[in-house]
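Trainee: structure here, sequence nowhere to be found:
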């Protein structure tokens, strides 16, 4: 007997397994199985990991639908991997929640990493492809100016050429405008903030002094000095890229190195166009 209160996704998953639906793609089948654990209160702790896996699967499904058969073929591996745990859970682990949770932690963590790797390898983007998405309506603005350093869910990219990888990222606007022609890797929709101007020091979309964003927090970024204004390289005072362009235009300026700091322009110079709000 089928529970009349089952959700549509649960019913789809139920009949897919009962009838042996051969038309279901590996992505759909894996999504259906993972969703059953998302709806299970026992695994509430892993909700973020589960949802991240489902998001990546949805993105991979879109890639596969464009005719990339290799992506669909590779999906068989994570599906079979998760099926083994699913079978164990159905047969042995339901009555042992402590053991089930421990095993599920290992399974979902490994699965998340594997799917993320699949996504990275399958969604290498050329700049023209990213540019098309900008032209089709994505806001052409650095998200650092829009959201600051708050972790905001957004389309994110790594730039291999600029060594922006690992926990660092760039937003879609900077991928097109600042990293044109570079080797970009899409990261999907993740929570973070754009590191473009902090790492490269010359973000073309920057709309403000970095102090507006970081305040007096010491954030890794490129340090600039103004020789015309008698700044010394070994002093702790520094300028950001925006201020050497806007406030010290025509001066003799120099990029020194990457440091942890914040821009001192407004507190040091009368030429600063961005004065503290009174």
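Mentor: Noted; the coordinates are in hand. These numbers come from a predicted model, not from an experiment.

Trainee: tell me who's in contact with the closest residue to residue 225 other than its chain neighbours.
Mentor: Spatial nearest neighbour of residue 225, chain neighbours left out: residue 231 (3.9 Å); criterion: Cβ to Cβ, 6 or more residues apart in numbering. Where you see a C-beta, it was placed from the backbone N, CA and C, and this is true even at glycine. By Cβ atoms under 8 Å, 6 or more residues apart in numbering, the residues touching residue 231 are 225, 237, 239.

Trainee: now the buried members of those residues.
Mentor: 225, 237, 239 (16 or more other Cβ atoms under 10 Å).

Trainee: which of those fall in strands?
Mentor: residue 225 (DSSP state E).

Trainee: would a markdown table of the buried ones among the contacts of residue 231 with pLDDT and distance to residue 160 be doable?
Mentor: Formatted as a markdown table, the buried ones among the contacts of residue 231 follow (pLDDT from 0 to 100; distance: Cβ to Cβ, whole Å):
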| residue | pLDDT | distance to residue 160 |
| --- | --- | --- |
| 225 | 90 | 30 |
| 237 | 90 | 33 |
| 239 | 90 | 29 |
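
Trainee: could you pull out the helices for the stretch 1-150 of the chain?
Mentor: Per DSSP state H, counting those that start in this stretch, the stretch 1-150 of the chain carries helices over the ranges 8-19, 26-38, 47-65, 69-74, 76-88, 97-122, 127-135, 143-147.

Trainee: mind checking what secondary structure residue 155 has?
Mentor: strand (DSSP: H, G, I helix; E, B strand; the rest coil).

Trainee: what pairs with it across the strands?
Mentor: residue 189 (DSSP bridges).
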